[in-house]
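>>> with the sequence up front, the predicted model follows.
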There are 2 protein chains.
Amino acid sequence: MTATSEPLPTDLEIARAATLRPLTDVAADLGVRPEHLEPYGRDVAKIDLAVLDEPSTRHPSSATYVVVTAMTPTPLGEGKTTVSVGLAQALQRLGQRATVALRQPSMGPTFGIKGGAAGGGHSQVVPMERLNLHLTGDFHAVTAAHNLLAAMVDNHVHHGNALGLDVRNITWRRVLDVNDRALRNVVVGLGARQDGVARETGFDITAASEVMVLLSLATSLRDLRERLGRIVVGYTTEGRGVTAEDLHAAGAMAALLADALKPNLLQTLEGGPAIIHCGPFGNIATGTSSVTADLVAMRGSDVTITEAGFGADMGAERFFDVKCRVSGLRPDVAVVVATVRALKVHSGAYAVRAGTPLPEGLRREAPDEVEAGLPNLRKHIEIVRRFGVQPVVALNAFPDDHESEHAVVRRFCNRLGVRSAVTRHVAEGGAGALELAQVVMEAAHEPSTFEFLYPLDLPLEQKIEAIATQVYGADGIDVSPAAARALADYERLGYGGLPVVIAKTHLSISSDPTLRGAPRGWRLPVREVRAAVGAGYVYAICGDMRTMPGLPSSPNAERIDIDEDGTVTGLS
Amino acid sequence: MTATSEPLPTDLEIARAATLRPLTDVAADLGVRPEHLEPYGRDVAKIDLAVLDEPSTRHPSSATYVVVTAMTPTPLGEGKTTVSVGLAQALQRLGQRATVALRQPSMGPTFGIKGGAAGGGHSQVVPMERLNLHLTGDFHAVTAAHNLLAAMVDNHVHHGNALGLDVRNITWRRVLDVNDRALRNVVVGLGARQDGVARETGFDITAASEVMVLLSLATSLRDLRERLGRIVVGYTTEGRGVTAEDLHAAGAMAALLADALKPNLLQTLEGGPAIIHCGPFGNIATGTSSVTADLVAMRGSDVTITEAGFGADMGAERFFDVKCRVSGLRPDVAVVVATVRALKVHSGAYAVRAGTPLPEGLRREAPDEVEAGLPNLRKHIEIVRRFGVQPVVALNAFPDDHESEHAVVRRFCNRLGVRSAVTRHVAEGGAGALELAQVVMEAAHEPSTFEFLYPLDLPLEQKIEAIATQVYGADGIDVSPAAARALADYERLGYGGLPVVIAKTHLSISSDPTLRGAPRGWRLPVREVRAAVGAGYVYAICGDMRTMPGLPSSPNAERIDIDEDGTVTGLS
């Protein structure tokens, strides 16, 4: 076992101590010349998408595309972001031109519980303060475009409602990048006649905006403009969808988002390219970074590493069936992140709840508990294999782990014929992930047989059923009457050819957050179905989905400050 | 008279046709070296405030500080921004190192009626699209900091309200940079127990945020941090003010605003430095660009030209009594912008209303109507002189003007001993403002005897009275019982030493928007008084002040679009 007597320095201390490479040098590693780099403050730049029209310096088919996913995580997460960064750093040490493409952190959680997110320890993206506060303003652009459309919806109703919007069926809400529970349910339009039409609505966090996921899926400015026009803001009393194009709002929204479509270049602690772009929610949306980021990375790198949200049941399935369908990119390897603590939790021996610390007992040496949790890991490996992608298990080592526990996982992977590696990238940086990097490259040389789970012309309900049964292992789905009506409406309205996203808990492969391991003998309850027509998918809500978090009683914002020299404290 | 048979190209067409100088060259003209320049996308940069600690290349006392104000404008405005830009361009042609410092346009009006604002014709700041859409994200940072505090207020109440905030006396609202009338009056906190505490509140446009004016008045990061801590968000049932510091929110707000405190460098169409920074409302706030912008400009320029909102009664008075008190800078010259059309309106012969086009009859040659409107201009000249500042009248020529009408104004100024010039900078750029530039430099060489209108230790009510009687020409003030209570409360709470801002109509020197010229025999009704303790002033509301605009029935956003090459149309 490893044990450290001295605590690691904080993430912010490590990040601040780093010496950054000139960003033009980092860009050169990515095959991006200075004329395609638009600096945004110190050590951050946007990459002009014109770079995609330039010939690549290497043959596209020789590029390796790696997605980092995970077993079912504990509420604390099992380190997909740190693994992604550490793996990229290790690959660079092996002489590969490796780029990591990640989501931009949302400021809501930064000021709430998490206090900043950019990897951790010696596997981080820097500059950390910029990454966590505004970055280049893309989230703000999403907020502005989303709320401009909302204002134009209410303005349209106020000025006579020529399109005949049913004010009780306006589905477009407003967004802010802040954890603010008081905005979940609001009544707007109160006051006098000139203050608009009163109606119930609410705010979501910006990461939950359809505009955010739309931006992450758009392949070009033209595609962005067209997707924006297809956004449905609500319905007429006759059940016809009213779009952003109908309201003549999509052009102004696209003008607001044009710069936000360009991916942002930062660097890892070891000076490799890190592309940070978009941050759609992992529950109701895709939970992946952008298509444009991956296209830029794949053009200029030997290996592109990107992350998908939550476990393979959630993030990886959407990465395969939604994002890869749009981008045309085909993944070679899926890294499945596992931890001793998550495996122990999936033994069922511990009660774990979001918002409370993990039980102390998890620190005890207990290889039998790790063994008992393996069915969950096995299920995620099977999900990856179902798509024809090579799995690699990354066992993310924690200081409290024991060798006997690691050995259980290694033996298990060997039995399954799955490559695996223990990785110590948080404590050691890229040097701690060299074994992982090696097995990832080995896996990348296996033949890829990637395939989607379902064809798009399958009816929506059958797509949901395919994911429930073939990915989650459910016996079937139970569709509520309201959901059934919505599905029928969407088929009638022409949305039937869209892929689907299933919004369920990320704390179980099932829809019940208390079920551990790989649950069998359950059915997926589809409570409600909604359409994100502009982004380009239909989503089924199977559980309580919160789209606007609240702050805890002592939010992390209370511990953040800045001194007169501009040094930020308390971010992590 | 001048008449053009061909219409001018649109502002956007002129702006796009301009060849921009490298921004490092523009910065060099301002004495700013590349290491103090932080590029934000193409042709825009932030200026590191560390530049203020560097020795200036010229003696501070030799710098000229010019504020551009106006007579009482029509609802369309009389061109203060274009005069500011044109004057800077003309001064550069005369060999002066001149810098113009202006407010950043709010995106709300850009998508509402105005369609972009950056000067006009051949006197603009470029790049225009960047200026009007996001710029460097400062407004978004204000929105984020403001709404973080709002979330922490409601979160504090939700989690037990240890500070004892009276939920019926929470004065901190939320903000968005959008014209959205439906958000003026809202109820938040609806839903279940975990969704917060229900209460009435509302949203203002970001330009009306106290954080915006606070940012514009802060002299350093330390000062910013301290002012944020002093923001009062509401009161306890015992009448004690609860601050952002009490909520431990001010540190995180300062971290969010640290970059926004740095002024933004752009350029005029003729390649001179233009500093664009902050955009506080002209009615309830100061309506001026930032203190840091002016400090940077004054350090590196022979002449700094800045603008104050609305007429001299409103913007110039606050510029003198609030902004100059904070900055320590002393103005030499106040340019009073006048137009033939505004003078005709002040004859009282025309009914003019906001939101409707100006009457066609204003185009007729009518020197007698111009003559009849002169008392308004005289009053604004007197206001400037009351502060010991040299006035210069800039007669902003329009294509429909007649020589006979210009002659009336020139003779009038000669009689008053006020320098004046006709300026044609919109049609001709700096070349059209050379006479104005010459008389401004002449005026700058007169001895300055600047003085504030009132000392800070005067009671709040007497400060309001001083402005009403000595600036506006009212016979006195009528304080409502509610306003009187608030004034007494504020004196008791220790806010009595703050300067005051009077929120009244900008369409008359009086508080009645229908009164033209220089009204006499009226009293200022003080309906309500509020405290912006963090920004550092108390404001008296004397009329209907709208802090969240609405969109018109056909908003300009409907005409804005972007093509696949990223070319924006419809901005102006």
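Structure's in. What do you need?

>>> now A:Glu405, what's its secondary structure?
At A:Glu405 the chain is in helix, as set by DSSP: H, G, I helix; E, B strand; the rest coil.

>>> hmm, I was thinking of A:Gly566
coil.

>>> repeat for the one 5 residues further on
When the structure is split into helix, strand and coil by three-state DSSP, A:Leu571 lands in coil.

>>> ok, it - how many residues close by?
27 (other Cβ atoms under 10 Å in any protein chain shown). C-beta here means a position set from N, CA and C on the backbone, and glycine is covered the same way.

>>> then A:Ile383?
So A:Ile383, with other Cβ under 10 Å, has 27 neighbours.

>>> what sits against the nearest residue to it once chain neighbours are set aside?
Nearest residue to A:Ile383, sequence neighbours excluded (Cβ to Cβ, 6 or more residues apart in numbering or on different chains): A:Ala312, at 4.5 Å. By Cβ atoms under 8 Å, 6 or more residues apart in numbering or on different chains, the contact list for A:Ala312 reads A:69-71, A:334, A:336, A:380, A:383-384.

>>> how about the residues of the stretch 451-572 of chain A near chain B?
Within reach of chain B by Cβ under 8 Å from any Cβ of the partner chain, the stretch 451-572 of chain A has these residues: A:550-551, A:553, A:555, A:557-562, A:564-566, A:568, A:570-571.

>>> farthest-separated two in the residues you listed?
A:Gly550 and A:Asp565 (33.4 Å; Cβ to Cβ).

>>> check contacts around the most centrally placed residue in chain A.
Centroid-nearest residue in chain A, with Cα atoms, centre = their mean: A:Gly287, separated by 2.6 Å. A:Gly287 is in contact with A:103, A:280-281, A:308-310, A:314-315, A:318, counting by Cβ under 8 Å, 6+ apart.

>>> now, which of those residues lie close to chain B?
Applying Cβ under 8 Å from any Cβ to the contacts of A:Gly287, none is adjacent to chain B.

>>> burial of A:Ser553, as a residue count?
Neighbours around A:Ser553, by other Cβ under 10 Å: 11.

>>> would you state the strands of the stretch 151-300 of chain A in chain order?
A:165-170, A:174-176, A:186-188, A:199-201, A:203-205, A:232-236, A:241-243, A:264-268, A:273-276 (DSSP state E, counting those that start in this stretch).

>>> of all these, which lies closest to B:Ile14?
Comparing the strands of the stretch 151-300 of chain A under Cβ to Cβ, the one sitting nearest is strand A:264-268, at 31.9 Å.

>>> only alpha carbons, please: show the closest one as CSV.
Only the C-alpha atoms of strand A:264-268 are listed here, as CSV (Å, rounded to 0.1, in the frame of the first residue of the first chain):
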residue,chain,number,x,y,z
ASN,A,264,-10.3,27.1,-26.1
LEU,A,265,-6.6,26.1,-25.8
LEU,A,266,-5.0,25.8,-22.4
GLN,A,267,-2.3,23.3,-21.3
THR,A,268,-1.7,20.5,-18.9
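
>>> in chain A, which ranges drop under the pLDDT threshold?
The model of chain A has pLDDT under 70 over residues A:1-8, A:57-61, A:115-116.

>>> now do the domain split for it, please.
Annotated domains of chain A cover A:11-136+A:260-444, A:138-257, A:460-547 [automatic domain parsing].

>>> end-to-end on the longest one?
Start and end residues of domain A:11-136+A:260-444 are separated by 31 Å (Cα to Cα, to the nearest Å).
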